[in-house]
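Engineer: got a structure for you, letters missing:
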């Protein structure tokens, strides 16, 4: 088919026919003519890129997909071919970045054509191969300079895991109220809370009082800032152990102090707490094993009598894969980075929010 040199649509159709016939050279010439005639749209430039790829014209393919990505930055085929062109140019790191972008942008497999699905599977394998080679290089480089596995959980070690994709970045994302410029810590260093020693020392007494109060998924001593006088009266040693703890004080919401009972076989789905202006404390009373809590990237197993402090405004979830219930004394404390004045204003603001007409937000612990 001979199309007029100034008829862009006709030239584009002729080029597509040539590409389907397997005549890549004719297709490339016709797509170039269509573009010069003003038909430089996504379809034409993508067809030109495919023609160039068939001819192993990597520079031409790269230039063509660059034009496509200007018009359609998330075009999957163009992202894949841009990665291929960079791979051919000897830049596997940049190639992997485009492959990852294609994989992130891809719809579910059942919504992808078979040929594109095959391409995506190819670049998935290429991405994984590059990631492994890149990680091996970095760990070898660091190892030769003195970094070893004993430092894996250090801040620097975590940064390496994030860099190579083994961990992701988790940030505070409270459901209800966010206070800016606070440190993004998942679990806190227990050395920051010297009063934990006294709480842990009372573990046996606290466990005995929980047994006396009786079973229940959640038995509150404080709930939404209100003392449960009946339960508190039955747990005097627990209340004494908490006397020197900096319980969070937000009228209508905090403190909350409870015995939290988690049956075997339970999974608490990922969630975020209501605010980042407080922290959560767990003192395990019954920890039968195979019971763990994930906060961000950090997964820890509860151990009876060993307390920890964590930021529940970060994504967290819990499992009890054991054959017995897990029980913890759970309570919220004031965040140590906030000043007394800031805590007062936060409480005042939240009271004002609650005073606005409408349904009051429940802070589920």
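Structural biologist: It's in. Bear in mind the structure is a predicted one, so any value in this text is a computation, not a measurement. Numbering: from 1, shown residues only.
Engineer: list the helices and strands the helix or strand harbouring residue 30 packs on?
Structural biologist: If you go by DSSP states H and E, residue 30 is part of helix 24-36. Judged by 3 or more Cβ pairs under 8 Å, 6 or more residues apart in numbering; DSSP states H and E, the packing partners of helix 24-36 are helix 8-21, helix 42-54. Every residue, glycine included, has its C-beta placed from N, CA and C.
Engineer: buried set for the longest one?
Structural biologist: Buried residues in helix 8-21, defined by neighbour count with 16 or more other Cβ atoms under 10 Å: 8, 10, 11, 12, 13, 14, 15, 16, 18, 19.
Engineer: I am assuming the last one contacts residue 47, so please confirm or correct that.
Structural biologist: What that stands for is residue 19. Yes - counting by Cβ atoms under 8 Å, residue 19 does reach residue 47; the two are 5.9 Å apart.
Engineer: Put together a markdown table for the buried residues of helix 8-21, with distance to residue 292 and pLDDT on each row.
Structural biologist: Below are those laid out as a markdown table (distance: Cβ to Cβ, whole Å; pLDDT from 0 to 100):
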| residue | distance to residue 292 | pLDDT |
| --- | --- | --- |
| 8 | 62 | 87 |
| 10 | 66 | 93 |
| 11 | 63 | 93 |
| 12 | 59 | 92 |
| 13 | 61 | 93 |
| 14 | 63 | 94 |
| 15 | 59 | 92 |
| 16 | 56 | 94 |
| 18 | 60 | 94 |
| 19 | 55 | 94 |
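Engineer: from those, which is closest to residue 202?
Structural biologist: Distance to residue 202, by Cβ to Cβ, is smallest for residue 19 among the buried residues of helix 8-21, at 77.2 Å.
Engineer: Skip the chain neighbours and tell me the closest residue to the closest one.
Structural biologist: residue 27 (4.0 Å; Cβ to Cβ, 6 or more residues apart in numbering).
Engineer: returning to what we had before: nearest to residue 250, out of the helices and strands packed on helix 24-36?
Structural biologist: Ranking these by proximity to residue 250 (Cβ to Cβ) places helix 42-54 first, at 54.0 Å.
Engineer: Return the mean pLDDT over that closest one, rounded to an integer.
Structural biologist: Averaged across helix 42-54, the pLDDT comes to 95.
Engineer: List of residues touching that helix?
Structural biologist: 8, 12, 15-16, 19, 24-25, 27-28, 31-32, 34-35, 58, 60-61, 64-65, 67-68, 71-72, 75, 77-78, 81, 84 (Cβ atoms under 8 Å, 6 or more residues apart in numbering).
Engineer: Only whichever of the residues you listed are buried, select them in ChimeraX.
Structural biologist: Remark: buried members of the contacts of helix 42-54, expressed as a ChimeraX selection using 16+ other Cβ under 10 Å:
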select :8,12,15,16,19,24,27,28,31,32,34,35,58,60,61,64,65,67,68,72,75,77,78,81,84
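Engineer: where along this structure do the strands fall?
Structural biologist: If DSSP state E is used as the criterion, the strands of the chain fall at 218-223, 226-227, 257-262, 266-271, 278-286, 291-295, 298-301, 308-310, 316-320, 326-334.
Engineer: Pass me the low-pLDDT residue ranges in the stretch 251-365 of the chain, would you?
Structural biologist: Filtered on pLDDT under 70, the stretch 251-365 of the chain yields the residue ranges 364-365.
Engineer: 90 instead?
Structural biologist: Filtered on pLDDT under 90, the stretch 251-365 of the chain yields the residue ranges 251, 352-365.
Engineer: in the protein, which helix has the most residues?
Structural biologist: Counting residues, the longest helix found in the chain (DSSP state H) is helix 114-143.
Engineer: Can you point out the buried residues in it?
Structural biologist: 116, 119, 120, 123, 126, 127, 130, 134, 135.
Engineer: could I get those as CSV with pLDDT and distance to residue 252?
Structural biologist: Output for these, formatted as CSV (pLDDT from 0 to 100; distance: Cβ to Cβ, whole Å):
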residue, pLDDT, distance to residue 252
116, 93, 54
119, 93, 56
120, 94, 51
123, 93, 53
126, 93, 55
127, 91, 49
130, 91, 53
134, 91, 51
135, 93, 49
